[in-house]
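# got a sequence here, can you build the structure:
(one chain, ligands or ions: 2)
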Amino acid sequence: MQEEKIILPDSDLIYYRDFLVEKEAQQFLKIFIEEFPWRQDKIKLFGKEHLQPRLTALFADNAKPYTYSGITMQPDEFPEPLLKIKHRAEEVCGTKFTTCLANLYRDGQDSMGWHADDEKELGKNPVIASVSLGAERMFHLKHKQEKSLKHKLRLENGSLFLMQGLTQHFWKHQIPKTKKVTAPRINLTFRKIK
Ligand SMILES: O=C(O)CCC(=O)C(=O)O
Ligand SMILES: [Fe+2]
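Ligands and ions are numbered 1, 2, ... in the order given. Here you go, the predicted structure:
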């Protein structure tokens, strides 16, 4: 598979454009939109409660709860089609994953704010494999200390974006809102929870 290294300081990033065949990725999108147990959690921002601007679902091969942004989620078992993608991601990344956090961006008004995936449960240098299905969205990166360091990339249908090494220590990422996108996107982030 063709791999494209993204060269930024204090990071280890690889983009695999053709991780899934486009048509297959669209089929997975349709199945997952219909069949995943989607939920919309509340988050507290500056003391005020809001609904998260996206839907989420959590899957794991164990029953350990996962807490991120102050939300604790109890995982479901991996459904068969998701296991297929997990195994393929494990082959490409050369590591095993325990957990998949799925995000459904219903359209361009759904988003994810600036954060790093640096929860303790993920271990020191987490390997995060992020598979994109459906509408193409922009992914922004910014360095935590060096404010002039920024990067943007397009996450295409069927792609896998791998973040590992020091990346989560030094960089934050976000999926911004956009008026241009009216179609849904699912992002599958495979993680290893210790
Ligand atoms: O939707 C994406 O590509 C990013 C998702 C993400 O950053 C996360 O789940 O932590
Ligand atoms: Fe993230």
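# what lies in contact with the helix or strand hosting residue 81?
Element membership of residue 81, judged by DSSP states H and E, is helix 80-93. Here helix 80-93 makes contact (Cβ atoms under 8 Å, 6 or more residues apart in numbering) with 1, 16, 19-20, 28, 31-32, 59, 78, 96-97, 100, 127, 129, 131, 160, 162, 188, 190. Heads up, the C-betas are built off the backbone N, CA and C, glycines and all.
# near ligand 1, list only the ones from these.
Taking Cβ under 6 Å from any ligand atom as the test, ligand 1 is in contact with none of those.
# report the buried members of these.
The neighbour count (16 or more other Cβ atoms under 10 Å) marks 16, 19-20, 28, 32, 59, 78, 97, 100, 127, 129, 131, 160, 162, 188, 190 as buried among the contacts of helix 80-93.
# in helices, which of those residues fall?
Counting by DSSP state H, those place 28, 32 in helices.
# relative to ligand 1, which residue of this protein is the closest?
In the chain, the residue that lies nearest ligand 1 is residue 187 (3.2 Å; Cβ to the nearest ligand atom).
# is it true that that residue touches residue 134?
No: the criterion here is Cβ atoms under 8 Å, and residue 187 misses it with residue 134 at 9.1 Å.
# could I get the phi/psi values of the residue lying farthest from the centre of the chain?
Distance from the C-alpha centroid of the chain, by Cα atoms, centre = their mean, peaks at residue 47 (26.1 Å). Dihedral pair for residue 47: phi 80, psi 0, per degrees, to the nearest 10.
# got a list of what it touches?
Not one residue lies near residue 47 by Cβ under 8 Å, 6+ apart.
# can you give me the pLDDT of it?
At residue 47, the predicted lDDT confidence score is 85.
# quick check: closest non-adjacent residue to the residue of the chain closest to ligand 1.
Nearest residue to residue 187, sequence neighbours excluded (Cβ to Cβ, 6 or more residues apart in numbering): residue 103, at 4.5 Å.
# give the contact list for residue 135.
Under the criterion of Cβ under 8 Å, 6+ apart, the neighbours of residue 135 are 105, 107-108, 157, 181-185.
# at 7 Å what do you get?
The neighbours of residue 135, taking Cβ atoms under 7 Å, 6 or more residues apart in numbering as the test, are 181, 183-185.
# for residue 39, same thing?
55-57.
# let me have those in a markdown table, adding secondary structure, neighbour count and distance to residue 65 as columns.
Output for these, formatted as a markdown table (DSSP: H, G, I helix; E, B strand; the rest coil; neighbours: other Cβ atoms under 10 Å; distance: Cβ to Cβ, whole Å):
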| residue | secondary structure | neighbour count | distance to residue 65 |
| --- | --- | --- | --- |
| 55 | strand | 21 | 19 |
| 56 | strand | 20 | 14 |
| 57 | strand | 22 | 14 |
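# residue contacts, residue 53?
110-111.
# name the element it belongs to?
Take DSSP H and E as the rule and residue 53 turns out to sit in neither a helix nor a strand.
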